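S.K.: Sequence and predicted model, in that order:
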Amino acid sequence: MNNGILLALLAYAVYSWSDAAIKALGGGLSVFEIGFFLTLVASVCIIVTTPKEESWLHFWRMKRPLAVQARAVSGAAASVLSVIAFTTIPLAEVYALIFLAPFFVTLLSLLVLKEHVGPWRWFAVIAGFVGVLLVVQPGVRELEFGHLASVVVAMLAAASVILMRSLSAQETRTTMLGFLMLYAVLVNAVAMAVTRSFTLPTLEQAAILVVSGVFSAAGNILILRATRFAPANQLASTHYSQIVWAVILGALIFNEKPDALAIAGLAIIAGSGLLTVARERIRLGTVRWNPFGRNRL
């Protein structure tokens, strides 16, 4: 196993720890306060650790401003909705629903980009959808707003993938990431002020907020480091390691123990995602649906 894959696995582990920290804050602080401080801490960490060859001085210069703004807005909305999801429903269910993103990418590719979608990709998408049903078990369990929030996060992630396909060759990383951070901080700050939902965090809550933000930034940094050792195509499949972390952290910290059907569903989701990655690497030499990055901080 090369260093790139190891770093990517560590990155997604750290991302999962950040999400678990968000969940630990649920009920104590408002969604917007959690999102504000998490994004603020993560943004500061990312900016101060940016490599010398990348400059933030001109991040506001854009070649395609509307597409950049759309990607930033989707990321800011995903940040708010993901906090709602992680603080209201089990970790495994959040990840299962967020991993519906390949299904929405397929639909958008078909409807917007007019791409050909082959039978293998449709099979993987349908299998993943069946896996989600086994995890969430609608009709057996009561659905909450967190489930809807997770689905919308998946839809926003899919929209971000479509946007990134056209932006990656024209815009700098600092431009795309800079506007995402700016929008996420501002949206949460304004929403927190409008709803008057700010409460002074306790020392324990403040520590968890800092840890969550640092872990989120660390995941971003580790992902970038990973690309220096291995191409994104090889790293895409490591994203599904978060499903394992969801089960482990949910059981150990939050006493969330998926039943046999849910475990089977999670396995199907991971398998369908890996099938998509493998099939596209063989057929196209690249991964058109690349779950490599996150649409939120």
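M.R.: Received, thanks.

S.K.: Can you tell me the closest non-neighbouring residue to residue 7?
M.R.: Closest residue to residue 7 apart from its sequence neighbours, by CB to CB, 6 or more residues apart in numbering: residue 226 at 3.9 Å. For glycine as for every other residue, the C-beta is placed from the backbone atoms N, C-alpha and C.

S.K.: which residues touch the one you found?
M.R.: 3, 4, 5, 7, 8, 11, 235 (CB atoms under 8 Å, 6 or more residues apart in numbering).

S.K.: quick one: average confidence on the host helix or strand of residue 158?
M.R.: Assigned by DSSP states H and E, residue 158 belongs to helix 145-167. For helix 145-167, the mean pLDDT works out to 87.

S.K.: One more: stretch 194-211?
M.R.: 94.

S.K.: Tell me which residues of that stretch come out buried.
M.R.: 201, 205, 208, 209, 210, 211 (16 or more other CB atoms under 10 Å).

S.K.: hang on, the earlier thing: what's the helix holding residue 158 packed up against?
M.R.: When contacts are defined as 3 or more CB pairs under 8 Å, 6 or more residues apart in numbering; DSSP states H and E, helix 145-167 sits against helix 65-88, helix 91-98, helix 101-111.

S.K.: repeat that for 10 Å
M.R.: Under the contact definition 3 or more CB pairs under 10 Å, 6 or more residues apart in numbering; DSSP states H and E, helix 145-167 sits against helix 65-88, helix 91-98, helix 101-111, helix 119-136, helix 173-195.

S.K.: so which of these gets nearest residue 268?
M.R.: Closest to residue 268 of those is helix 119-136 (CB to CB; 3.3 Å).

S.K.: Let me know the angle separating the closest one from helix 91-98.
M.R.: Following axes from the mean of the first three to the mean of the last three CA atoms, to 10 degrees, one obtains 150 degrees for the angle between helix 119-136 and helix 91-98.

S.K.: Helix 119-136 - contacts with which helices or strands?
M.R.: helix 91-98, helix 101-111, helix 145-167, helix 241-254, helix 260-284.

S.K.: Let's have these in TSV, adding distance to residue 127.
M.R.: Output for the helices and strands packed on helix 119-136, formatted as TSV (distance: least, CB to CB, whole Å):
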stretch	distance to residue 127
helix 91-98	13
helix 101-111	10
helix 145-167	16
helix 241-254	14
helix 260-284	4
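
S.K.: ranking those by burial, who's on top?
M.R.: Neighbour counts (mean count of other CB atoms under 10 Å) averaged over each of those peak at helix 91-98, with a mean of 27.

S.K.: May I have that helix exported as CSV, CA atoms only?
M.R.: Only the C-alpha atoms of helix 91-98 are listed here, as CSV (Å, rounded to 0.1, in the frame of the first residue of the first chain):
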residue,chain,number,x,y,z
LEU,A,91,-23.7,8.5,12.0
ALA,A,92,-24.2,5.4,9.8
GLU,A,93,-27.5,6.7,8.5
VAL,A,94,-26.0,10.1,7.6
TYR,A,95,-23.2,8.5,5.7
ALA,A,96,-25.5,6.0,4.0
LEU,A,97,-27.7,8.9,2.7
ILE,A,98,-24.8,11.1,1.7
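
S.K.: Now that helix: average pLDDT?
M.R.: Mean per-residue pLDDT for helix 91-98: 92.

S.K.: same question, stretch 268-279
M.R.: pLDDT averaged over stretch 268-279 gives 79.

S.K.: any idea how far that stretch is from the chain center?
M.R.: Averaged C-alpha coordinates place stretch 268-279 at 17 Å from its chain's average position (CA atoms, centre = their mean, to the nearest Å).

S.K.: Could you do stretch 43-57 as well?
M.R.: Put simply, stretch 43-57 sits 21 Å off its chain's centre (CA atoms, centre = their mean).

S.K.: Over to stretch 87-102?
M.R.: Taking the mean of its C-alpha atoms, stretch 87-102 sits 10 Å from the chain's own mean (CA atoms, centre = their mean).

S.K.: swap in stretch 167-175?
M.R.: Worked out by CA atoms, centre = their mean, stretch 167-175 lies 19 Å from the chain centre.

S.K.: buried residues in it?
M.R.: By neighbour count on 16+ other CB under 10 Å, the buried set for stretch 167-175 is 167, 171, 172, 174, 175.

S.K.: sorry, back to before: looking at the contacts of residue 226, spot the one nearest residue 245.
M.R.: Closest to residue 245, out of all of the contacts of residue 226 and judged by CB to CB, is residue 11, at 11.5 Å.

S.K.: mind listing what the closest residue to that closest one other than its chain neighbours touches?
M.R.: Residue nearest to residue 11 in three dimensions, not counting chain neighbours: residue 222, with 3.6 Å by CB to CB, 6+ apart. By CB atoms under 10 Å, 6 or more residues apart in numbering, the contact set of residue 222 is 6, 7, 8, 9, 10, 11, 12, 13, 14, 15.
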